[in-house]
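>>> how does the following fold in three dimensions:
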Amino acid sequence: MRPSFTLSDTTFHFLDTTPHEALKRAKTAADGRDVRIGGGVTTLRAFLDADLVDEMHIAVAPYELGGGLRLWESPEELTDRFHLERVPSSSGVVHHFFWRR
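Below you'll find the predicted structure:
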């Protein structure tokens, strides 16, 4: 596991625990400030499956970089729990904004 580090006023912690425990520790460390989750598909899926996500911003580029895990087949899969707004950019990246229903 990597050690924690701070950039400006943000501290990054790397944990190997359940999503519930990670969120509990993050909220304690944040002391009332914003908590954000970073990671790949496996991490995000674990927090989504545990129903611990209130909002998210996913930027999707129209490039395939090989194999790997997919976050979804379609972002509409999450509209049972989240509102969805798509904002395309001139670069081809589509920003998907989700917030809890």
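
>>> only C-alpha atoms from now on, for both contacts and neighbour counts.
Will do.

>>> what's the single longest helix in the protein?
Taking DSSP state H as the criterion, the chain has its longest helix at helix 19-30.

>>> state the mean pLDDT of that helix.
Throughout helix 19-30, pLDDT has a mean value of 93.

>>> and for stretch 91-101?
The average pLDDT within stretch 91-101 is 96.

>>> residue farthest from the centroid of the chain?
Ser90 (23.3 Å; Cα atoms, centre = their mean).

>>> where does pLDDT dip in the protein?
Across the chain, not a single residue meets the criterion (pLDDT under 70).

>>> could you chop it up by domain?
Listed by automatic domain parsing, the domain ranges of the chain are 1-52, 54-101.

>>> I figured Phe97 was touching Pro75, is that so?
No: when contacts are counted by Cα atoms under 8 Å, Phe97 is not listed as touching Pro75 (10.0 Å).

>>> could you pull out the strands for this protein?
With DSSP state E as the criterion, the chain has strands at 5-7, 10-12, 55-60, 82-88, 94-100.

>>> ranking these by burial, who's on top?
For the strands of the chain, average neighbour numbers computed from mean count of other Cα atoms under 10 Å are highest in strand 94-100, which has a mean of 16.

>>> closest to Lys24 out of the strands of the chain?
Lys24 lies closest, by Cα to Cα, to one member of the strands of the chain: strand 10-12, at 14.9 Å.
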